[in-house]
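Undergrad: quick one: sequence plus predicted model below, questions after.
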There are 2 protein chains.
Amino acid sequence: MDGFALHPQLAKDTVLIGHLAGSQLLLMNDARFPWLILVPAHGDLQELHELAEASFTEVTQGIKQISEKLQRLTDAPKMNIAALGNQVPQLHIHIIARRHDDPAWPGPVWGVGDPLPYSEDEQKVLIETLQEQLLD
Amino acid sequence: MDGFALHPQLAKDTVLIGHLAGSQLLLMNDARFPWLILVPAHGDLQELHELAEASFTEVTQGIKQISEKLQRLTDAPKMNIAALGNQVPQLHIHIIARRHDDPAWPGPVWGVGDPLPYSEDEQKVLIETLQEQLLD
């Protein structure tokens, strides 16, 4: 991860949960959605397909693991997985647990309303839970 | 692919390009965006992480291959890759080439305006090109 620096917009919008699959796992600071972001620390990439073969396997396995565990943890009826990057070019993958009563359902979450930041206590407890449940 | 049937909404909105990675590769019938959809024909799945290990590898390699080739073919500055499925539950992966002057940029494409169907001739030529360029 030499020379890797998280994009300032991601640094501003998220909190670090930990590391897996050669990536940073981040929590979006938006209590409306259980919304994680995986940022491969594999150099200055923009597209999922630009990951070299071994890294691509590692990162996609990380996505699989996080998606499965986050769905189990949240009991969400649907997961949304996406690599968009139209506004923040640094390669990052959204892993979002969706509920039928969340404020964007059934549309996508991007650009819908304003983020609702977690309280300090909420965030602390959630980060600990996510570290325990997702990073084994 | 025994017993696999494409969801009626996907059948209505798309045209078959061909098969790869144990999946159907479809063209969204919307000339506003070069927009492909990969539908793994691996049973009745809703989530990417539900694919068994070998199928998961096959499908993610298919995504990598299609994304790389579609970006080269369209010379698009950005690719969008997503498995959402909030409205059509059958597992399907969007692979969309984005341009800075497309009608949804820099937002996501879903739910933006109305689809602009290809003319019969446009569609025929495009399908042939995609078959040649993507399915090698």
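TA: The structure has been received and is ready for your questions.
Undergrad: for chain A, what spans make up the strands?
TA: Along chain A, counting by DSSP state E, strands occupy A:14-20, A:23-28, A:35-40, A:78-83, A:93-98.
Undergrad: how about the residues of chain A that lie near chain B?
TA: A:46-49, A:56-57, A:60, A:63-65, A:67-68, A:71, A:78-87, A:89, A:98, A:105-108, A:110-111 (Cβ under 8 Å from any Cβ of the partner chain). Using the backbone N, CA and C atoms, a C-beta is placed for each residue, glycine as well.
Undergrad: now do the contacts for the residue positioned nearest the centre of chain A.
TA: Central residue of chain A (Cα atoms, centre = their mean): residue A:37, 1.5 Å from the mean position. By Cβ atoms under 8 Å, 6 or more residues apart in numbering or on different chains, the contact set of residue A:37 is A:10, A:14, A:25-28, A:92-95.
Undergrad: so what's it closest to, chain neighbours aside?
TA: Spatial nearest neighbour of residue A:37, excluding adjacent residues (Cβ to Cβ, 6 or more residues apart in numbering or on different chains): residue A:26 at 4.4 Å.
Undergrad: how far away is that neighbour from residue B:121?
TA: 47 Å (Cβ to Cβ, to the nearest Å).
Undergrad: looking at those two, which is more packed in?
TA: Shown here are residue A:26 and residue B:121; by other Cβ atoms under 10 Å in any protein chain shown, residue A:26 has more neighbours (21 against 8).
Undergrad: tell me who's in contact with residue A:68.
TA: B:47, B:49.
Undergrad: how about 10 Å then?
TA: A:79, A:134, B:47-50 (Cβ atoms under 10 Å, 6 or more residues apart in numbering or on different chains).
Undergrad: again with residue A:41
TA: Contacts for residue A:41 (Cβ under 10 Å, 6+ apart) come out as A:1-6, A:19, A:21-24, A:55, A:91.
Undergrad: ChimeraX command for the buried members of these?
TA: This is how ChimeraX selects the buried members of those, with burial counted by 16 or more other Cβ atoms under 10 Å in any protein chain shown:
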select /A:6,21,22,23,24,55,91
